[in-house]
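A.B. asks: I'll drop the sequence and a predicted model, then ask my questions.
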Amino acid sequence: MKKILSLIFSVSISLTAFSQASIKESEVARIIKTLSADDMMGRRTFTPGIEKASVFIQQEFKKIGLKPLKGLSSFEQKFSMYSLKPTEAKLTLNGADLGKENFFFVTSSESIAWTEQSKPEIYYINEKSNFRQAFNQIRKKNTDAVILVNPKHQKMFSNYRNYFGAGSTREALNQDKTQVFALADSVQVNALAVNLKNQVETLSLANVAGMIEGKRKDEFLVFSGHYDHLGYIKAVEGDSIANGADDDASGTTAVISLANYYSKQAKPERSLIFVCFTAEEIGGYGSQYFSKQLNPDQIVAMFNIEMIGKPSKFGANSAFITGFEKSDFGTILQESVKGSVYSFHPDPYTEQNLFYRSDNATLARLGVPAHSISSDQIDIDKLYHSVDDEFESLDISHMTNMIRAIAVGSKTMAEGKATPKRVNKAEVD
């Protein structure tokens with residue numbers, strides 16, 4: 001038994017030493033400094049800044065020697081979305097015209113023309129209801145509907161109207177149902193006239209993805225992070241660029257560094273995919289598109305890396321795993337780094353709902369053991385989504401060690417020696 005433990009310890013030490021030699025702090029600093037520089041303009045989706053970041057990531061993947069995903073001729077996984085902006089919006093309820101401040105549409109349709117003869121479903125959010133919960137429940141029904149909202153919810157209603165009333169971005173047109181939310185005292189619809197016209201613009205996006213083909217060609221281990229951020233936001237002391245160094249240039253840097261790490265080793269047992277997602281900040285559209293291009297049953301696990309640029313509450317060389325209880329992914333990582341200086345812990349911020357706030361959630365809903373790895377102290381992080389999330393705010397030594405920890409922790413899965421249990425899809429919202 002002592003010999004077995006000694007062997008495990010020796011393997012762990014050798015893996016740690018190899019990761020330290022292959023994942024250099026100077027290279028980590030170079031990559032993240034480039035991605036979070038002012039000339040990337042905050043990497044907002046649909047802007048020249050994110051296109052510049054994409055070019056840089058592709059250059060890194062080419063230099064490393066990755067191959068494009070099957071069926072693609074480049075590292076860009078291109079797809080389109082549609083911007084819908086209302087040019088005409090009118091709602092007449094029981095003979096009274098409601099002002100634009102009193103209604104909003106949730107739709108992917110280019111135009112709508114309803115009367116009471118159209119017979120949409122009618123729902124009512126009463127004064128005692130939890131508006132957010134009621135809204136989400138109605139949205140899940142996916143039926144054409146008019147939803148009457150008690151004026152008691154005016155403040156929350158206005159927040160939602162400001163968001164949806166400005167328009168929306170959709171993966172497809174005319175697919176889901178239209179729902180009209182109206183602030184009204186009435187609980188009945190006797191007469192109705194709904195008219196909406198949207199201006200539609202086609203928008204181009206691209207994930208950046210490469211792979212190392214393994215001996216088991218159709219078993220995939222995914223390493224991911226999102227490379228988009230907020231772009232320009234409200235200026236603070238003359239600075240209006242939300243550089244997104246920790247969120248999530250740190251994760252993107254980790255993906256590039258891990259690709260380089262695995263490229264220097266023997267051919268892995270399982271195929272490894274390294275993907276940097278677009279459009280996470282505006283709805284996770286990049287990961288949603290990615291998830292439809294692969295058979296989720298062939299994805300063994302997903303290491304989604306999100307904000308590892310600052311030390312965690314657990315101390316040096318530590319990170320936490322979101323949705324720890326939803327599979328044994330985290331337990332496998334803990335076992336894999338035993339004997340090293342690294343440690344992984346369950347998410348201490350469950351009230352923040354972090355498992356559902358990043359790209360891992362899309363694949364977890366399909367049963368993939370997909371989890372985010374982070375070290376951010378989100379409950380006290382004052383730099384999150386601010387102009388001060390810059391390279392200078394990061395602890396590059398800590399971040400480098402987190403990437404090394406993921407390299408060591410992922411080895412047993414890459415080598416086919418460990419396979420996490422699938423996520424129970426029924427338990428994922």
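C.D. replies: Perfect, I can see it now.
A.B. asks: what residues are up against Thr400?
C.D. replies: Going by Cβ atoms under 8 Å, 6 or more residues apart in numbering, Thr400 touches Ile23, Lys24, Glu25, Val28. Any C-beta I mention is one placed from the backbone N, CA and C, and that applies to glycine too.
A.B. asks: how about the last one, nearest residue that isn't a chain neighbour?
C.D. replies: For Val28, ignoring the flanking residues on the chain, the nearest one in space by Cβ to Cβ, 6 or more residues apart in numbering is Thr400 at 4.7 Å.
A.B. asks: where along the stretch 151-300 of the chain do the helices fall?
C.D. replies: With DSSP state H, counting those that start in this stretch as the criterion, the stretch 151-300 of the chain has helices at 154-164, 250-263, 285-291.
A.B. asks: just put the ones you listed in a markdown table and tack on distance to Gly323, mean neighbour count and mean pLDDT.
C.D. replies: A markdown table is the format used below for these (distance: least, Cβ to Cβ, whole Å; neighbours: other Cβ atoms under 10 Å; pLDDT from 0 to 100):
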| stretch | distance to Gly323 | mean neighbour count | mean pLDDT |
| --- | --- | --- | --- |
| helix 154-164 | 27 | 15 | 94 |
| helix 250-263 | 16 | 27 | 98 |
| helix 285-291 | 15 | 24 | 97 |
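A.B. asks: can I get these in a markdown table including distance to Leu196?
C.D. replies: Formatted as a markdown table, those follow (distance: least, Cβ to Cβ, whole Å):
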| stretch | distance to Leu196 |
| --- | --- |
| helix 154-164 | 12 |
| helix 250-263 | 38 |
| helix 285-291 | 23 |
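A.B. asks: so for Leu72, which of those sits nearest?
C.D. replies: Among the helices of the stretch 151-300 of the chain, helix 285-291 comes nearest to Leu72, with 11.7 Å by Cβ to Cβ.
A.B. asks: show me what the closest one is packed up against.
C.D. replies: strand 76-93, strand 192-212, strand 216-226, strand 270-277, helix 360-364 (3 or more Cβ pairs under 8 Å, 6 or more residues apart in numbering; DSSP states H and E).
A.B. asks: mind redoing it with 6 Å?
C.D. replies: Helix 285-291 sits against helix 360-364, with contacts defined as 3 or more Cβ pairs under 6 Å, 6 or more residues apart in numbering; DSSP states H and E.
A.B. asks: if we can go back for a sec, pipe the contacts of Thr400 into a markdown table and attach distance to Gly339 per row.
C.D. replies: Shown next, in a markdown table, are these (distance: Cβ to Cβ, whole Å):
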| residue | distance to Gly339 |
| --- | --- |
| Ile23 | 18 |
| Lys24 | 23 |
| Glu25 | 22 |
| Val28 | 24 |
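A.B. asks: just the buried ones among the residues you listed, please.
C.D. replies: Those of those that meet the buried threshold are Ile23, Val28, by 16 or more other Cβ atoms under 10 Å.
A.B. asks: got the contacts of Thr400 as JSON lines, with secondary structure, distance to Met413 and pLDDT columns?
C.D. replies: As requested, the contacts of Thr400 are exported to JSON lines (DSSP: H, G, I helix; E, B strand; the rest coil; distance: Cβ to Cβ, whole Å; pLDDT from 0 to 100):
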{"residue": "Ile23", "secondary structure": "coil", "distance to Met413": "18", "pLDDT": "97"}
{"residue": "Lys24", "secondary structure": "coil", "distance to Met413": "24", "pLDDT": "97"}
{"residue": "Glu25", "secondary structure": "helix", "distance to Met413": "25", "pLDDT": "97"}
{"residue": "Val28", "secondary structure": "helix", "distance to Met413": "22", "pLDDT": "98"}
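A.B. asks: max pairwise distance over the contacts of Thr400: which two?
C.D. replies: Ile23 and Glu25 (8.1 Å).
A.B. asks: for stretch 241-251, output the C-alpha coordinates as CSV.
C.D. replies: Provided in CSV are the C-alpha atoms of stretch 241-251 (Å, rounded to 0.1, in the frame of the first residue of the first chain):
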residue,chain,number,x,y,z
ILE,A,241,-13.1,50.9,-21.4
ALA,A,242,-14.3,47.8,-19.5
ASN,A,243,-11.1,45.8,-20.3
GLY,A,244,-12.4,42.5,-18.8
ALA,A,245,-9.0,41.3,-17.6
ASP,A,246,-10.3,38.9,-15.1
ASP,A,247,-13.7,38.5,-16.8
ASP,A,248,-12.8,36.7,-18.9
ALA,A,249,-9.5,37.3,-20.5
SER,A,250,-8.1,35.2,-17.6
GLY,A,251,-10.2,32.2,-18.8
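A.B. asks: list the contacts of that stretch.
C.D. replies: With Cβ atoms under 6 Å, 6 or more residues apart in numbering as the test, stretch 241-251 has contacts from 32, 35-36, 38, 42, 225-226, 229-230, 233, 305-309, 387, 389-391, 394, 399.
A.B. asks: and the next helix or strand past whichever helix or strand Ile373 is part of?
C.D. replies: Secondary structure assignment for Ile373, by DSSP states H and E: strand 370-374. Downstream of strand 370-374, the first helix or strand assigned by DSSP H and E is helix 396-414.
A.B. asks: ok now that following helix, how far from the chain's centre?
C.D. replies: 20 Å (Cα atoms, centre = their mean, to the nearest Å).
A.B. asks: what about stretch 415-429, average pLDDT?
C.D. replies: Mean per-residue pLDDT for stretch 415-429: 95.
A.B. asks: tell me the pLDDT of the closest residue to Phe303 other than its chain neighbours.
C.D. replies: Leaving out its chain neighbours, the residue that sits closest to Phe303 by Cβ to Cβ, 6+ apart is Phe223, at 4.9 Å. Phe223 is assigned 99 on the pLDDT scale.
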